[in-house]
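Dropping the sequence and predicted coords here.
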Amino acid sequence: MNNKEFIAELSRRLGYTVKDASSLMVALVAEMTDELEDENVIAIQNIGSFEVRKKQERVVVNPATQQRMLVPPKLVINFKPSASFKEKMQ
């Protein structure tokens, strides 16, 4: 399901116009982005939680040249599904 199909299904289920459903999705993604940029945890009931974690720097080796390289630390988004969401996906 691509974004256009998802918004069409969302508008059908909620009884909104496609434009309103699209605006709703844009606002949702913008708010989630703002909260994650502030490194806040977002917990959505029956779905799971999103949080920003810092990956430590590490040394990797190129297998072809055996050259060692340092990969700098970076921030990544982590999703932890809720128990009920995991159960539904099995």
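That came through, no problem.

so where is this protein shaky, pLDDT-wise?
Applying pLDDT under 70 to the chain flags no residue at all.

Would you map out the domains in it?
1-38, 39-90 (automatic domain parsing).

Other residues contacting stretch 7-18?
Applying C-beta atoms under 8 Å, 6 or more residues apart in numbering, the contact partners of stretch 7-18 are 1, 20-22, 24-25. From N, CA and C alone the C-beta is placed, and that goes for glycine too.

most neighbours, which of these?
When neighbours are taken as other C-beta atoms under 10 Å, the top entry among the contacts of stretch 7-18 is A21 (20 neighbours).

For that one, give me its contacts.
7-8, 10-11, 14.

what's the helix or strand for it?
helix 18-37 (DSSP states H and E).

How far off centre is that helix?
Helix 18-37 has its C-alpha centroid displaced from the chain centroid by 12 Å (C-alpha atoms, centre = their mean, to the nearest Å).
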